[in-house]
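> need a 3D model of the sequence below.
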Amino acid sequence: MRKLLIILLIGIVTSANAQWKSGQNDTLWVPYIIYEGDTMTYKVMDQVNVFGKMTDEQRAYLKKWTRLRNAVYVTYPYAKKASYIINDVVKNLDKIQDVQQRKKYLSTREKELKKEFTEPLTALSVYQGKILMKLINRETHNNCYDLIKEYRGGFTARFWQTVAWVFGSSLKQDYDPKGPDAEMESIVLEVARMYGHA
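Okay, here's the model as predicted:
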């Protein structure tokens, strides 16, 4: 059947060619293969990926990963900004020896930060807040509890730790890019390249 089809196609092409006037540039060179003794043209087609239906586990994983990726995209710029601010505060506090002047400086900076960040940070979901705390730990190498304790005191740090606990989180959470936070780290590197922080 296949040979009959090929012979028929050759006959049609030959009769069509017989009606044309042959000329200097009427030959097209094409790649060919020999298949079961027959010579025929061939073309390598673009790769086509065929996927089966996703399992329930795959669908759940994709949903979880997408949620994490979205949270990292939203919170990473805030973590970078927090790192910059903390480094700036530390640098300026090193120059101030008087205790009262240090308190005044911290109070002034706190007012500026509240004015700039209160609205956008209160718009974050609880999940995004957890991701932000991890990213702050990544950028500053300190967990949020230690940072609050350092600049606001132990009582305030314990208060906010209790609030975080009520929402199922902790200010003391660490960031382990080679362990449980490996997926987050790969997303962070992607986002960092996008924002030009890499």
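> going forward, measure contacts and count neighbours with C-alpha atoms only.
Fine.
> which helix is the longest one in the chain?
When the chain is parsed with DSSP state H, its longest helix is helix 56-95.
> elements contacting that one?
Counting contacts by 3 or more CA pairs under 8 Å, 6 or more residues apart in numbering; DSSP states H and E, the secondary-structure elements packed against helix 56-95 are helix 126-140, helix 182-195.
> so how far is stretch 176-195 off the chain centroid?
7 Å (CA atoms, centre = their mean, to the nearest Å).
> quick one: closest of the helices and strands packed on helix 56-95 to M40.
Counting by CA to CA, M40 lies closest to helix 182-195 out of the helices and strands packed on helix 56-95; the figure is 46.7 Å.
> any idea which of the helices and strands packed on helix 56-95 is most buried?
Highest mean neighbour count of the helices and strands packed on helix 56-95: helix 126-140, a mean of 21 (counted as mean count of other CA atoms under 10 Å).
> can you lay out the helices and strands packed on helix 56-95 as JSON lines showing mean pLDDT?
Listed next are the helices and strands packed on helix 56-95 as JSON lines, based on pLDDT from 0 to 100:
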{"stretch": "helix 126-140", "mean pLDDT": "88"}
{"stretch": "helix 182-195", "mean pLDDT": "88"}
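> just tell me which of those ends up closest to M54.
Each of the helices and strands packed on helix 56-95 has some distance to M54 by CA to CA; the shortest is helix 182-195, at 20.4 Å.
> which one of the helices and strands packed on helix 56-95 lies closest to V44?
helix 182-195 (33.4 Å).
> tell me the SS of L106?
Applying DSSP: H, G, I helix; E, B strand; the rest coil to L106 yields a three-state assignment of helix.
> OK, contacts around it?
Under the criterion of CA atoms under 8 Å, 6 or more residues apart in numbering, the contact partners of L106 comprise 89, 151.
> circling back to that earlier point, pull out the buried residues from the longest helix of the chain.
Going by neighbour count (16 or more other CA atoms under 10 Å), the buried part of helix 56-95 is 68-69, 71-80, 82-83, 93.
> just those now: which is nearest K134?
Within the buried residues of helix 56-95, distances to K134 taken as CA to CA reach their minimum at A79, with 8.9 Å.
> the closest one and E139 touch, don't they?
Yes: with contacts defined as CA atoms under 8 Å, A79 counts as touching E139 at a distance of 6.7 Å.
> pLDDT at the nearest residue to V191 once chain neighbours are set aside, what is it?
Here the nearest residue to V191 in space, its sequence neighbours aside, is Y73; by CA to CA, 6 or more residues apart in numbering that works out to 6.4 Å. Each residue has a pLDDT score; the one for Y73 is 92.
> Y73 contacts E190, correct?
No: between Y73 and E190 no contact is recorded; they are 9.3 Å apart, counting by CA under 8 Å.
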